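In: Following is a predicted model, sequence given first.
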Amino acid sequence: MHNAESIVEIRTTFGSRHDAEACADRLVEGRFAACVQVEGPIRSVYRWQSAVERAEEFRCVCKTTGGRAEACLEAVRRAHPYETPELILATVSAAPDYAAWVRSSVEGT
């Protein structure tokens, strides 16, 4: 579980680079995330509505704080075209200077 001071990664995928980068821009500009790495294309295989699907996707890895994680999640949900987007949260360990940069980036200090 995360607390307000912890560093959190939120992972999600998009069906296009354009959508992934547009979401990344909104998250960083709105101070929901300190940075968002857009990776891909990646190949996803998943079950959806009883069928096995395959798709090319772009993964976003968002760096934020425990205190901003819920707001970041909500911002991703609002920007996401998928009916059920992947939203994975993980509390991570970070070097103290990097963690301080993440905090100052999302808090505006």
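Out: That came in fine, so what should we check first?
In: any weak-confidence spans in this protein?
Out: Applying pLDDT under 70 to the chain picks out residues 1, 4.
In: And for P41, nearest residue in space, chain neighbours not counted?
Out: Once flanking residues are discounted, P41 sits nearest to E56: 4.6 Å by C-beta to C-beta, 6 or more residues apart in numbering. The C-beta positions use only the backbone N, C-alpha and C, and glycine is treated the same way.
In: in this structure, which spans are strands?
Out: 7-14, 35-48, 51-65, 88-92 (DSSP state E).
In: Pick the most deeply packed of those.
Out: strand 7-14 (a mean of 22; mean count of other C-beta atoms under 10 Å).
In: by how many degrees do that one and strand 35-48 diverge?
Out: In terms of direction (axes from the mean of the first three to the mean of the last three C-alpha atoms, to 10 degrees), strand 7-14 departs from strand 35-48 by 50 degrees.
In: ok and strand 7-14 relative to strand 88-92, angle-wise?
Out: Using the same axes, to 10 degrees: strand 7-14 against strand 88-92 is 150 degrees.
In: partner strands of strand 7-14, parallel or antiparallel?
Out: Take DSSP bridges as the rule and strand 7-14 pairs in its sheet with strand 51-65 (antiparallel), strand 88-92 (antiparallel).
In: Quick one: closest of those strands to Y98.
Out: strand 51-65 (8.7 Å; C-beta to C-beta).
In: CA atoms of the closest one as PDB?
Out: Written as PDB, here are the backbone C-alpha positions of strand 51-65 (Å, rounded to 0.1, in the frame of the first residue of the first chain):
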ATOM      1  CA  ALA A  51     -12.600 -14.000 -27.300                       C
ATOM      2  CA  VAL A  52      -8.800 -14.000 -27.400                       C
ATOM      3  CA  GLU A  53      -7.700 -10.700 -28.900                       C
ATOM      4  CA  ARG A  54      -4.300  -9.400 -30.100                       C
ATOM      5  CA  ALA A  55      -3.500  -5.800 -30.400                       C
ATOM      6  CA  GLU A  56      -0.600  -3.400 -30.900                       C
ATOM      7  CA  GLU A  57      -0.500  -1.000 -27.900                       C
ATOM      8  CA  PHE A  58       1.600   1.700 -26.300                       C
ATOM      9  CA  ARG A  59       2.400   1.500 -22.600                       C
ATOM     10  CA  CYS A  60       2.500   4.600 -20.400                       C
ATOM     11  CA  VAL A  61       4.400   4.400 -17.100                       C
ATOM     12  CA  CYS A  62       3.500   7.400 -15.000                       C
ATOM     13  CA  LYS A  63       5.600   8.500 -12.000                       C
ATOM     14  CA  THR A  64       3.700  10.200  -9.200                       C
ATOM     15  CA  THR A  65       3.300  10.300  -5.400                       C
END
